[in-house]
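Enquirer: Have a look at this prediction, sequence included:
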Amino acid sequence: MDRQVDVVVVGGGSTGCGVVRDLARRGLEAVLVEKGNLTHGTTGRMHGLLHSGGRYAVSDQKSARECIEENRVLRDIAAHCVEETGGLFVKRPEDSEEYFQEKLEGCRACDIPAEVIDGDEARRREPYLARDVEKAIALPDGAVDPFRLCVSNAADAREHGARIETHAPVTDVLVENGEVVGVEIEHETGPGKRVHREPGATEEIRARHVVNATGAWAGNVGEMAGVDVEVRPSKGVMTVMNTRQVDTVINRCRPKGDADIIVPHETACILGTTDEEVDDPEDYPEEDWEVDLMIETLSELVPELKNARTLRSFWGVRPLYEPPGTGTEDPTDITRDYFLLDHGDRDDLPGMTTIVGGKLTTYRMMAESISDHVCDALGHEATCDTADAPLPGSESPARMNELMDEFGLRSPVARRSGQRLGSRAEDVLEGVDPNPVVCECEGVTRAEVRDAIDEAGSDLNAVRLRTRASMGNCQGGFCSHRIAAELAREYPEPVVRDAEDELYQERWKGQRHALWGRQLSQAMLNHLLHATTMNRDGDPASLDGSVDFGAFDAGADADAAGSDGSEPAGTAAADGGRVGENAATDGVTDGDR
Amino acid sequence: MAIDSDVLVVGGGLAAVAAAVAAAREGADVRLVSHKSSTLRQASGLIDALGYVPATEPATPLREGPPTAGRELDRDEWPDPEGPLSDPFEGIERLPDSHPYRIVGADALREGLALFDDLAGDAYRGGHTDRNALVPTFGGSVKPTARYPASAEAGLASDPRPTLIVGFRSLTEYDARAFAGRLEAAGVPFDVAGAEVEFAEAFRADTKVTRVAKALDHDEEIEGTPAREALARAVAPHLHDAEDEAGGVERVDRVGFPAFLGDDRGDEVRAELADRLGADVFEIPMGPPSLPGLRLEDRLYDALADAGVRFETGNPVVGIDAAADGRIETVSVDRKGRETPYGADAFVLATGGLVGKGLDSDREGVREPVFDLHVDQPADRYDWFVDDAFGDQPYARFGVRPDERCRPLDADGGVQYENVFAAGGVVGGADVAREKSASGVSLATGVTAGREAATEANE
């Protein structure tokens, strides 16, 4: 019988990572299990907006207040994950003046700092804004990197004794005597970090409590336990531009609608989004009209978007939930609030709690409330400190500048490594010499890639999420093989090859939605580089059949020796004696050619 | 007043040069105009003819409708390609009917390769046989190719001599150990080891290969030691890294380096290294910026001058200036912002494909921007791709459809202009990347278009 841990948290998105961190810091023994990479579900597929609360200031003031509160917390505890871009709600001539005023009053009612600026001032701040934008409300929206945020939470949890298992889908929820007692997971490889070609294993993890933090997938986990969780997944598209047309979050100031936000994110801008209910969070269509809608509608705010290059598009599913019987028809009207479902109270099945709804900005608050609940259930007394304790990498923003100097981090490349790594820069950069750039588009160096490999094994998509390597213009064309080559120090060749193929194919998937203009040219260049020059598709190492090497040209000297059937000529022999064996093979297979 | 010639070639890559020289050899007065430096610097410098007949039918039916969110659900399955082919000519008849080789014929390929051999001279090898060679490239895989730079000759994979692959810690393109492992996985008939050594560390971080090549050309001193000697010293401790089948130590007979062994004086650099190491030395073709590609570009432009072709770069042809009776009379050339008419009796369009911008696209469609020639394409852009990056990608076959004289056809299959001929990447129908046929298609269509343009001009 396996021993029992205190809590298993299912789901490695922002909520699950926040919960496992909180529980670990309160002294509970916790395990996080995630079926893919951290952020694999919805968290890794959002536009990266750190809400000021402005978006909900009219429709849902409770959410708006929570947003501004947590917005302030995250700037503090997760400085290296947040970019304080500021945001604008802009009004075009056709947008309602009445709504603009309601928005302004709503912000003030929710304690969201808001300032009205005229069109000229808005264009002074953001020169690409359309000329007919009349005015705007400026407020403290920001950009947050969901990958770094989750990884930092997981890392902190691990420092406090938690275990993190990715690529480990839950295959069963263990129910004994009317009570949830743990889960069964299927390690794809391992346990431990994922390494291609290593065999996997099944594992039962017994726990005093199970937290279902799987968002849009909560119904699937509920089903394994025999309870109904009526999540209403709603899809939204996000389109990634190749550069930052704006440095401020731009929102359209109107009641609700598709394609109304542009979020600057690292080197890119992300356009969002749509809101359409789907049946299955993994099987819904990703359609070209959605991409077209982003570009057409948002170019009303920033006309330049029409001519700009898009890199890719991706879709995410919101884990919307409403209590049974509410019956809202339009998914845009479903509340963005979160719900904590105690299955003991609700379904007479103690030992499991589900959390659904909510949003990334308030992940920490959700985690705190579910951790309170779990501690209650387990009779464990401890206070929550996650609102004050900085996440790893964010401990000392002042120290960052010193480190930049110490490592000679003056170039743009190094400055960006510094921003990504935060206060971890010293640990990561030390001892990797030489430290060449591996991903040129995003300025990612070998030190960062190796640091990520230490954490993520041979899973290069996990390395990508940690470092942004392969997320720029070339979409892996110039760097996926270089990132893979960094695995060779630790892993054998077939692992390197499999890992590279997986990353390249993953990068291709998003580009399918951006295949026109310059990105189509880029795709063709990538195809030529990887198929023509590197022969990745026809490499005998990966084909089933074997190759008769003797049937191919072995050089003019070898052929000359083979064709006249004589012993190697003196000159050829002096040249290194290469001919003998080869001439014989050639003679047999190619004598009549 | 128009600038006139018998034949005007638009473009500056391998196909354009082949067409210009072929036309000049027919006695035509030829002028070549190209927009910017060719894409040769992005190419490996290998001259492929046909290495595979790739599958055009998936192993299981393709998904219908738009992509779905299923992360692992929508991967296509494609059978392995047929190949590597030891004889490129033997595979031609199994290519699709719309393939340029099927249209211009195997003889055009033969003629194109012969022209290339003539232009490249002793810088290239492989012309002694019809057979393909298998050349290791920087991913560590071997690829079939018809001609290869002399600097790559000692590295052919059918040569059984034990081999050392050298990588450099400051160079990120490949890791020599994985490279050697991949060659072993391919079943190469020689023992191979990979070693990562220190050398390029002497240069500033992220030094381009062109900088290293220059240091070797001039044998610059690196920390007091001449560069070639320093390089040989870095590699020497690894000459016994290979193991024979019995696990015994084996001295290697040849050593492979990234293609940075000199630019102007490559032969001299290789010879000195070979002498110092007591082993043959070869270059591994690399990605951009590619020295073998740049060297080839230089050689081709020399050959162009030798053939009496006048050429100018930096001036794009922006469109048709005058046309009548189904013939183009003059085209507009943008010379530093001023449009100048260039007249000719025949025109060769060799502007490249999607990479060289000979094809342009937006969300609505793909077009040929100079003459607005017809480009076959599915109406819905979501039919331009398949889900497997290495599947039969429709976009990879985009281009104009030629007749047997390389004249582009309109949507109804009629000749679009009597005196326009197309060559190289702008011609569709081939998936040159999966077939390993890019240079061969350029040469075969280049010589055909050039010759036919000269014939047209003579009439």
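Expert: Good, I have the coordinates. What you see is a predicted model; the values in this text were computed from it and never measured.

Enquirer: Now do the helices in the stretch 451-593 of chain A.
Expert: Using DSSP state H, counting those that start in this stretch, the helices of the stretch 451-593 of chain A run over residues A:460-467, A:480-485, A:493-511, A:517-527, A:556-563, A:570-574, A:579-590.

Enquirer: so the third one versus helix A:517-527, what angle?
Expert: Angle between the axes of helix A:493-511 and helix A:517-527 is 160 degrees (criterion: axes from the mean of the first three to the mean of the last three C-alpha atoms, to 10 degrees).

Enquirer: what separates helix A:493-511 from the chain centre, distance-wise?
Expert: Centre-to-centre, helix A:493-511 and its host chain are 16 Å apart (C-alpha atoms, centre = their mean, to the nearest Å).

Enquirer: Just list what that helix packs against, helices and strands only.
Expert: Here helix A:493-511 touches strand A:310-321, helix A:460-467, helix A:480-485, helix A:517-527, helix B:176-185, going by 3 or more C-beta pairs under 8 Å, 6 or more residues apart in numbering or on different chains; DSSP states H and E. (C-beta placed from N, C-alpha, C; glycine too.)

Enquirer: Now tabulate the ones you listed in TSV and tack on mean neighbour count.
Expert: Converted to TSV, these look like this (neighbours: other C-beta atoms under 10 Å in any protein chain shown):
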stretch	mean neighbour count
strand A:310-321	24
helix A:460-467	26
helix A:480-485	28
helix A:517-527	22
helix B:176-185	24
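
Enquirer: Leaving out sequence neighbours, find the closest residue to A:Lys359.
Expert: Nearest residue to A:Lys359, sequence neighbours excluded (C-beta to C-beta, 6 or more residues apart in numbering or on different chains): A:Arg336, at 5.8 Å.

Enquirer: Can I take it that the one you found is in a strand?
Expert: No - counting by DSSP: H, G, I helix; E, B strand; the rest coil, A:Arg336 is not part of a strand but coil.

Enquirer: What is the neighbour count of it?
Expert: As a burial measure, A:Arg336 scores 22 neighbours (other C-beta atoms under 10 Å in any protein chain shown).

Enquirer: returning to that earlier point: any chance of the helices and strands packed on helix A:493-511 in a markdown table, with distance to A:Glu179 too?
Expert: Below are the helices and strands packed on helix A:493-511 laid out as a markdown table (distance: least, C-beta to C-beta, whole Å):
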| stretch | distance to A:Glu179 |
| --- | --- |
| strand A:310-321 | 24 |
| helix A:460-467 | 35 |
| helix A:480-485 | 46 |
| helix A:517-527 | 53 |
| helix B:176-185 | 50 |
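
Enquirer: Make a markdown table out of those and add mean pLDDT and distance to B:Ala279.
Expert: Compiled in a markdown table, the helices and strands packed on helix A:493-511 are given as follows (pLDDT from 0 to 100; distance: least, C-beta to C-beta, whole Å):
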| stretch | mean pLDDT | distance to B:Ala279 |
| --- | --- | --- |
| strand A:310-321 | 93 | 45 |
| helix A:460-467 | 93 | 35 |
| helix A:480-485 | 96 | 24 |
| helix A:517-527 | 95 | 35 |
| helix B:176-185 | 96 | 15 |
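
Enquirer: B:Gly287 is nearest to which of the ones you listed?
Expert: Across the helices and strands packed on helix A:493-511, B:Gly287 has its closest neighbour in helix A:480-485 (8.4 Å, C-beta to C-beta).

Enquirer: so what pLDDT did the closest residue to A:Thr166 other than its chain neighbours get?
Expert: What sits nearest to A:Thr166 in space, not counting adjacent residues and going by C-beta to C-beta, 6+ apart, is A:Glu34, at 4.8 Å. The per-residue pLDDT reported for A:Glu34 equals 96.

Enquirer: For A:Glu34, grab phi and psi.
Expert: With angles defined as degrees, to the nearest 10, A:Glu34 sits at phi -140, psi 140.

Enquirer: Tell me which residues touch it, please.
Expert: A:Glu34 sits next to A:10-12, A:16, A:40, A:164-168 when contact means C-beta atoms under 8 Å, 6 or more residues apart in numbering or on different chains.

Enquirer: try B:Ala2
Expert: Neighbour list for B:Ala2: B:321, B:330, B:340-343 [criterion: C-beta under 8 Å, 6+ apart].

Enquirer: looking at those residues, which has the most residues close by?
Expert: Greatest neighbour count in these, by other C-beta under 10 Å, goes to B:Tyr342: 22 neighbours.

Enquirer: isn't that residue right next to B:Glu329, touching?
Expert: No - B:Tyr342 is beyond contact range of B:Glu329, at 10.2 Å (criterion: C-beta atoms under 8 Å).

Enquirer: Overlap of the contact sets of those two?
Expert: Shared contacts of B:Tyr342 and B:Glu329 (C-beta under 8 Å, 6+ apart): B:Asp321.

Enquirer: residues from the stretch 351-500 of chain A in reach of chain B?
Expert: A:434-438, A:446, A:478, A:481-482, A:484-489, A:492-494, A:496-497 (C-beta under 8 Å from any C-beta of the partner chain).

Enquirer: Now do B:Gly139: how many residues are near it, please.
Expert: Per other C-beta under 10 Å, the neighbour tally for B:Gly139 reads 28.

Enquirer: Where does it fall, secondary structure wise?
Expert: If you go by DSSP states H and E, B:Gly139 is not part of any helix or strand.

Enquirer: Could you measure from it over to A:Thr467?
Expert: 22 Å (C-beta to C-beta, to the nearest Å).

Enquirer: same thing with A:Asp156?
Expert: According to C-beta to C-beta, A:Asp156 stands 19 Å off from A:Thr467.

Enquirer: next one: A:Asn461
Expert: 11 Å.

Enquirer: just A:Ile117 next, same as before
Expert: If you go by C-beta to C-beta, the gap between A:Ile117 and A:Thr467 works out to 37 Å.

Enquirer: Got the domain ranges for chain B?
Expert: B:3-118+B:295-458, B:138-284 (automatic domain parsing).

Enquirer: Just tell me which of these ends up closest to A:Leu520.
Expert: domain B:3-118+B:295-458 (5.2 Å).

Enquirer: average pLDDT across that closest one?
Expert: The average pLDDT within domain B:3-118+B:295-458 is 94.

Enquirer: likewise stretch A:324-344?
Expert: Here the average pLDDT along stretch A:324-344 is 87.

Enquirer: distance between the ends of it?
Expert: 17 Å (C-alpha to C-alpha, to the nearest Å).

Enquirer: mind checking how far the residue nearest to B:Ala454 when sequence neighbours are not counted is from chain A?
Expert: Leaving aside its chain neighbours, B:Ala454 sits nearest to B:Glu26 (3.4 Å; criterion: C-beta to C-beta, 6+ apart). Computed with C-beta to the nearest C-beta, to the nearest Å, the distance linking B:Glu26 and chain A is 31 Å.

Enquirer: and A:Lys359, how far is that from A:Thr335?
Expert: Per C-beta to C-beta, A:Lys359 is found 11 Å from A:Thr335.

Enquirer: the helices in the stretch 151-300 of chain B, which residues?
Expert: For the stretch 151-300 of chain B, the helices defined by DSSP H, counting those that start in this stretch occupy B:176-185, B:209-217, B:227-235, B:266-277, B:291-306.

Enquirer: meant to ask about the stretch 101-250 of chain A
Expert: Using DSSP H, counting those that start in this stretch, helices in the stretch 101-250 of chain A cover A:119-125, A:146-159, A:218-225.

Enquirer: How far away from the center of its chain is the first one?
Expert: A distance of 33 Å separates the centroid of the chain from that of helix A:119-125, by C-alpha atoms, centre = their mean.

Enquirer: what packs against it?
Expert: strand A:87-91, strand A:135-139.

Enquirer: Figure out which of these is closest to B:Arg381.
Expert: strand A:87-91 (30.3 Å).

Enquirer: relative to strand A:135-139, how tilted is that closest one?
Expert: Here strand A:87-91 points in a direction 160 degrees away from that of strand A:135-139 (the same axes, to 10 degrees).
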